[in-house]
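Participant: Sequence and predicted model, in that order:
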Amino acid sequence: MILTEEEIREAAEKTREITAGCDTARGSLIPVLQKIQDRLGYVPAPAMEEAARHFGIPAVDVYGIVTFYNQFRLTPPGRHRVKVCMGTACHMKGGNIIMESWERVLKIKVGETTPDREFSLERVACVGCCTMAPVLVKDETVIGKMTPTKVDGMLFSHQLANKKEGVPQ
Ligand code: FES
């Protein structure tokens, strides 16, 4: 995903702010990356490069860590975040089918954001509503008893609402 000049500048600046009060011990790298993700919502390449500079290690090492742990996002989150529960109960009730349905309608894979940045797709662990499995969380709303048809319906009503508000499709 291509970042804007503003996003590149913001990523580097925020990373410098975070690393400013931090030592350069290798053990501090993951906590720094977590703080970057908290501030930016993801860990983009300019932030990895800035962190690498601070710790005096190759940027490829930082990249290796970010891609190893699935807690880190490489792309900016979308305006709407779809989180599919992959906890045991939801998995047993077809959570993977719900995930595949979202991947199909949004034409992205889990962990990615649509090119228009409208949606991002994530997997989450149990959200505590197992009786409603399979469950997803769209932004802050928990929706249970999901089916592929419901997925189609949710996207359709979202597009309809955007159309009414004049948001370009
Ligand atoms: S496993 Fe999905 S809500 Fe508990």
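Facilitator: Yep, it's here.

Participant: need the contact list for Glu118.
Facilitator: Remark: with contacts taken as CB atoms under 8 Å, 6 or more residues apart in numbering, Glu118 is in contact with Gly78, Arg79, His80. Just so you know, the C-beta spots here come from the backbone N, C-alpha and C atoms, and that holds for glycine as well.

Participant: State the pLDDT value of it.
Facilitator: Among the per-residue scores, Glu118 holds a pLDDT of 94.

Participant: And Glu6, how far from Glu13?
Facilitator: 10 Å (CB to CB, to the nearest Å).

Participant: higher neighbour count, those two?
Facilitator: Counted by other CB atoms under 10 Å, Glu6 and Glu13 do not tie: Glu13 has more neighbours, with 13 against 8.

Participant: so which helix or strand takes in that one?
Facilitator: Taking DSSP states H and E as the criterion, Glu13 maps to helix 5-20.

Participant: which one of the contacts of Glu118 is nearest the ligand?
Facilitator: The shortest approach to the ligand among those belongs to His80, at 19.7 Å (CB to the nearest ligand atom).

Participant: Next one: Tyr63 from the ligand, what distance?
Facilitator: Distance, Tyr63 to the ligand, using CB to the nearest ligand atom, to the nearest Å: 31 Å.
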